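Engineer: Sequence plus the predicted model coming up.
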Amino acid sequence: MKLPLILLLFLLSFSFQYSSYAQSYNALYSFGDSISDTGNLCVNGNPSWLTTAQPPYGETFFGRPTGRCSDGRVIVDFLAETFGLPLPPPSKATGKDFSKGANMAIIGATTLDASFFQSIGVGDKIWNSGPLDTQIQWFEQLMPSICSQDCKNYLSKSLFVVGEFGGNDYNPSLFSGKSPSEVSTYVPKVINAISKGVEKIIGLGAVDIVVPGVLPIGCFPIYLTLFQSSNQGDTDQAGCMKSFNDLSSYHNSLLRQALANLQSKYSWTRIMYADFYDQYYQMAQSPQSFGLTYGFKVCCGASGQGSYNYNNQARCGMSGSSSCSDPSRYLSWDGIHLTEAAYKSIANGWLKGPYCNPPILH
C-alpha cells in the first residue's frame, strides 16, 4: 500500500528531527556568572539595589525580571530546551526539583576567591561570595537530592556548562585603572583555577563538559565608552579596542591548552571548548549575518547618548534609561550582557558548530 505523499513527508520530517536530537541528557548543570545566572540573587524576591532585577529585564520571554541579565532567556536555557529539559532553576531556590538540572551561576562570580583580590588591592570591588570553588560546593550540597545512589552514573549522562569564568576576575582591576597588560599577569592563575574546577567536576562524575572562553571585551559598549581613545591605532578594523581584546585572546589561548591537557588526562570525558570570542566578534562586525541589525548599539540604556546608547549613570534598569522596541535586532542588551536573540544564536553555534570544538551535538 502506498502512503499518501503528505504522510510520507511528515514521517520523513519526524525521522530527521528525531535523528538530529537522538542525543539526550538527563539533566543540565551550569556554573558561571551573569552570562549564565538564572536568578540566584532573586530567589527571595527581586532586590531593589540590583538593577538587573528591575524592568525591562526579562520582558521578551518571561514578561518580568527573573534575575537573568537579558531581555529573556540565556544560553543555558536554550541548551536545556534543545534536550527537552526544564529551564535550569537557580540552585539557591527552595522547593525545586534539581534532578533535571540546576544553575549555580551567580551575577558577579569570579574564578579566584576573595583573598586574591584583597592581595592586589581591589577587594572592595568584589561583591558576592560565589567563586567557582564555592559554586562546586553548592552543587555537592544538592547532589543527595539529585542522585542519592549511583551519582557517577547519573552525572555521566548529564551536560555540564562551566563558565564563562574570567571576566569578573579582570574587570575589578581594569575598572580601577590598571592596564590590560598588567591584568594579563593574573591570567595563568585564573586558568589554573578553572582547570582545577573542571577536574573536581569530573571527579564527581561529569563526562560531557562545555567550557566557554571569555568574550572580546574590547568590543563591548561599556568598555568602548569608559576607555574610549582618540588614537586610531588603539582600535581594530571592527572598531574594537585591541589591548582589551588581546587580554581576552591570551586567556582563551591558555584555556584551550589547559582543556587539551585535561582531555588527554581524562580520555573518557568529552570536554568542549565554546568559542565565545570569535562568535561575538563576528556578530559585532557583521550583525546582519546573524539576523541582527545593530552590533555595537545598546538596546536598553541611555538612548541617544554617545555612540553606543551607553552611560554608566543611566544603565538599563536605572532611572534615566529606556529600552528599544525591538531587542531581537540587537546584539547588546545593556552594554554588558546580550539579548535573548544573541544568546539563542550563540547556543546554536555551540550545539551545531562552528563555535564549539567539538560541537555539543554529535
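Structural biologist: Here it is on my side, so go on.

Engineer: drop to CA atoms for contacts and neighbour counts, all remaining ones
Structural biologist: OK.

Engineer: Spit out the contact partners of the residue nearest to S286 when sequence neighbours are not counted.
Structural biologist: Leaving out its chain neighbours, the residue that sits closest to S286 by C-alpha to C-alpha, 6 or more residues apart in numbering is G295, at 7.1 Å. Residues near G295 by C-alpha atoms under 8 Å, 6 or more residues apart in numbering: M283, A284, Q285, S286, P287, Y330, L331, S332.

Engineer: Strands of the stretch 101-250 of the chain, start to end?
Structural biologist: 101-103, 159-162, 208-212 (DSSP state E, counting those that start in this stretch).

Engineer: Mean confidence (pLDDT) on stretch 263-272, please.
Structural biologist: Per-residue pLDDT over stretch 263-272 has a mean of 98.

Engineer: What of stretch 130-141?
Structural biologist: 97.

Engineer: likewise stretch 149-162?
Structural biologist: pLDDT averaged over stretch 149-162 gives 96.

Engineer: buried sites along that stretch?
Structural biologist: Y154, L155, S156, K157, S158, L159, F160, V161, V162 (16 or more other C-alpha atoms under 10 Å).

Engineer: and the third one, what does it touch?
Structural biologist: Taking C-alpha under 8 Å, 6+ apart, we find S156 in contact with G205, A206, V207, D208.

Engineer: For the last one, which residues are in contact?
Structural biologist: In other words, D208. Going by C-alpha under 8 Å, 6+ apart, D208 touches S156, K157, S158, L159, F160, T269, R270, I271, M272.

Engineer: what's across from it in the sheet?
Structural biologist: D208 has these beta-bridge partners by DSSP bridges: L159, R270.

Engineer: gap between it and Q237?
Structural biologist: Note on D208: its distance to Q237, by C-alpha to C-alpha, to the nearest Å, is 37 Å.

Engineer: Export the contacts of D208 to CSV and append columns for distance to N103.
Structural biologist: Formatted as CSV, the contacts of D208 follow (distance: C-alpha to C-alpha, whole Å):
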residue, distance to N103
S156, 17
K157, 17
S158, 13
L159, 12
F160, 10
T269, 21
R270, 20
I271, 19
M272, 19
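
Engineer: could you check the angle strand 208-212 makes with the longest helix along the chain?
Structural biologist: Among the elements of the chain assigned as helix by DSSP state H, the one spanning the most residues is helix 242-265. If you take axes from the mean of the first three to the mean of the last three C-alpha atoms, to 10 degrees, helix 242-265 sits at 160 degrees to strand 208-212.
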